[in-house]
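Peer 1: A structural model of the following input is requested.
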Amino acid sequence: MTTTGRLLLFWTMFAGTHLVLSSLPVRRPLIKMMGLRGFKSAYTLVALATFIPLMVLYFRNKHAGAVLFAPDPELRLLAEALMLVAIVVLAQGLATPSPIGTPAELRPSPYRGARGIQRITRHPRNLAFGTFGVAHCLVNPIAGDWIFFGGFTLFALVSAWHQDARMRSEAREGVGAYLQETSYWPFAAVLRGRQRIAIGEFRPVALIVAIVLYSALRYFHPRLFGGDWG
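Peer 2: Numbers count the residues shown, from 1 in each chain. Coordinates of the predicted model:
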């Protein structure tokens, strides 16, 4: 099997096990048998067991496959801007507790409404990983790179949709209201008048951490991974 074929295989294994295990017909019996924490632990182990080989395979076989297009310096500038956006969104998402996240499921608390980055999208971490994938596809015009990095974008879109579908079938406190007042697509709830952009709710410490992390990655990326963001 070619490197590109193996990359597709490992992405399929990771995404497939993720989506199957988190689907209600599979998830509910496993939680009943193992308990919520036991299920979450097993779920994490399966994710690592499929994702780590994917990472190892890619970094041992970077830039494998056909050249898809000619590199463009202007695309690199766009990629760098997208990476900054991705890191800022990820940091804000991690710093803003979500009613549909694992911590809320393990330790339920009263729903207090969407805050900060959640007003823009209910899936900030998915948005961050999807943007990360797009940014790297722009500066890596090789088939194997597109499979690897494009997988992040495709998986971010599908897993967010899958989570929304599951959450609509569950009766957790506040989840229905959260789904109603936020949006899958960035800024959709704002454009429809269900939300507003509240800059004051964004976490300043998370913003500082994101900028520092971006700067560090920008500096060390050529030494760690080669190229700039490639």
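Peer 1: Is the spatially most central residue of the chain in a helix, a strand, or coil?
Peer 2: The residue lying closest to the centre of the chain (C-alpha atoms, centre = their mean) is Asn126, at 3.0 Å. Classification of Asn126 by DSSP: H, G, I helix; E, B strand; the rest coil places it in helix.
Peer 1: wait, doesn't it sit right on Trp161?
Peer 2: No. When contacts are counted by C-beta atoms under 8 Å, Asn126 is not listed as touching Trp161 (9.4 Å). No exception for glycine: its C-beta is placed from N, CA and C like everyone else's.
Peer 1: hmm, back to that, measure the residue nearest to the centre of the chain to Leu154 for me?
Peer 2: Applying C-beta to C-beta, to the nearest Å, the value for Asn126 to Leu154 is 11 Å.
Peer 1: Val20 now?
Peer 2: From Val20 to Leu154 the distance is 17 Å (C-beta to C-beta).
Peer 1: Also Arg196?
Peer 2: The value you get for Arg196 to Leu154, if C-beta to C-beta is used, is 30 Å.
Peer 1: try Leu90
Peer 2: The gap separating Leu90 from Leu154 is 18 Å, by C-beta to C-beta.
Peer 1: Between the two, tell me which one has more neighbours.
Peer 2: Applying other C-beta atoms under 10 Å to Leu90 and Leu154 shows that Leu90 carries more neighbours, namely 22 against 14.
Peer 1: what helix or strand is the more buried one on?
Peer 2: Applying DSSP states H and E as the criterion places Leu90 in helix 73-95.
Peer 1: show me what contacts the residue nearest to the centre of the chain?
Peer 2: Contact partners of Asn126, counting by C-beta atoms under 8 Å, 6 or more residues apart in numbering, are 156-157, 159-160.
Peer 1: just Arg115 next, same as before
Peer 2: By C-beta under 8 Å, 6+ apart, the contact list for Arg115 reads 96, 198, 201.
Peer 1: Phi first, then psi, for it.
Peer 2: phi -140, psi 150 (degrees, to the nearest 10).
Peer 1: Sketch out the low-pLDDT regions of this structure for me.
Peer 2: 171, 226-230 (pLDDT under 70).
Peer 1: Repeat the analysis, applying 90 as the threshold.
Peer 2: Scanning the chain for pLDDT under 90 picks out the ranges 1, 3, 62-65, 67-74, 97-113, 167-177, 218-230.
Peer 1: Please enumerate the helices of it.
Peer 2: 3-21, 24-34, 36-60, 73-95, 102-106, 124-139, 143-168, 175-181, 188-191, 204-224 (DSSP state H).
Peer 1: Give me the contact list for the third one.
Peer 2: Applying C-beta under 8 Å, 6+ apart, the set of residues contacting helix 36-60 from outside is 3, 6-7, 10-11, 13-14, 17-18, 21-22, 27, 30-31, 34, 102, 105-106, 144, 148.
Peer 1: by how many degrees do it and helix 3-21 diverge?
Peer 2: Calculated by axes from the mean of the first three to the mean of the last three C-alpha atoms, to 10 degrees, helix 36-60 forms an angle of 170 degrees with helix 3-21.
Peer 1: Angles on the backbone of the residue lying closest to Arg192 once chain neighbours are set aside, please.
Peer 2: Excluding the flanking residues, the one nearest Arg192 by C-beta to C-beta, 6 or more residues apart in numbering is Ser183, at 7.5 Å. When read as degrees, to the nearest 10, the backbone of Ser183 gives phi -140, psi 150.
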